[in-house]
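Engineer: Sequence first, predicted model second:
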Amino acid sequence: MPSASLLFQANLDEHLQLFQQLAALTPDVNEAGRRIAAALAQGGKLLLCGNGGSAADAQHIASELTGRFIHERRPLAGIALTTDSSALTCIGNDYAFDEIFARQLRALGRSGDVLIGISTSGNSANVVRAAHAARELGISFIGLLGRDGGALKPLSDVAIVVPSAVTARIQEAHILIGHTLCGLIEQELGLT
């Protein structure tokens with residue numbers, strides 16, 4: 001078993017190697033930021049979903065919009081579909097865990113909104129169902145994905161695929177991308 005200092009260095013090396021490749025995602029990140037800003041400018045909202053660490057990332061990004069990211073500004077409509085434990089357990093119990101995001105989206109989403117589905121594998125069944133629901137409702141779907149993009153890549157209007165098979169590194173890249181999207185939204189809306 002490697003010592004803590006060796007493990008940290010190995011993780012740091014892997015992180016830096018991945019992050020050097022992320023510039024290739026710039027066009028997709030910029031397009032996602034433009035789409036979200038346009039939806040918000042027209043009175044729409046950003047909805048987000050994901051499981052586990054990706055659920056935490058969904059909440060983090062939503063809070064940067066409703067609170068403040070860098071500068072003092074008006075709150076922006078960001079909703080994480082991961083936060084209502086009563087809705088999650090009701091839908092999971094009465095229907096299926098695979099329906100927890102799609103059913104909330106059908107209740108809360110409207111044509112012109114944007115949904116970010118976060119999945120390090122690109123294959124999370126409940127996020128896939130939410131992507132299908134988004135398409136039915138006229139909601140733009142942005143996949144914040146990993147590995148090869150999985151089943152969510154072809155369902156995405158914009159697919160941002162972090163080129164790694166290591167979940168921890170993908171999640172580290174996802175939060176950088178999420179922060180960048182928040183900054184782009186503020187810029188596009190003239191709030192910086």
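Structural biologist: Received the coordinates, thanks.
Engineer: Can you point out the buried residues in stretch 169-179?
Structural biologist: By neighbour count with 16 or more other Cβ atoms under 10 Å, stretch 169-179 contains the buried residues 169-175, 177-178. Using the backbone N, CA and C atoms, a C-beta is placed for each residue, glycine as well.
Engineer: what does stretch 182-192 give?
Structural biologist: When burial is assessed from 16+ other Cβ under 10 Å, stretch 182-192 yields the following buried residues: 182-186, 188-189, 191.
Engineer: what helices or strands is the helix ranked longest in the chain leaning on?
Structural biologist: Secondary structure assigned by DSSP state H gives helix 167-188 as the longest helix of the chain. Using 3 or more Cβ pairs under 8 Å, 6 or more residues apart in numbering; DSSP states H and E as the contact test, the elements touching helix 167-188 are helix 4-19, helix 26-41, helix 53-66, strand 140-146, strand 158-162.
Engineer: Gln21: which of the buried residues of stretch 169-179 is nearest?
Structural biologist: Ala173 (9.2 Å; Cβ to Cβ).
Engineer: Look up the closest residue to the closest one, ignoring the ones flanking it.
Structural biologist: Using Cβ to Cβ, 6 or more residues apart in numbering and skipping residues adjacent in sequence, the residue nearest Ala173 is Val162, 4.3 Å away.
Engineer: Okay, and the beta partners of that neighbour?
Structural biologist: When assigned by DSSP bridges, Val162 has beta-bridge partners Gly146.
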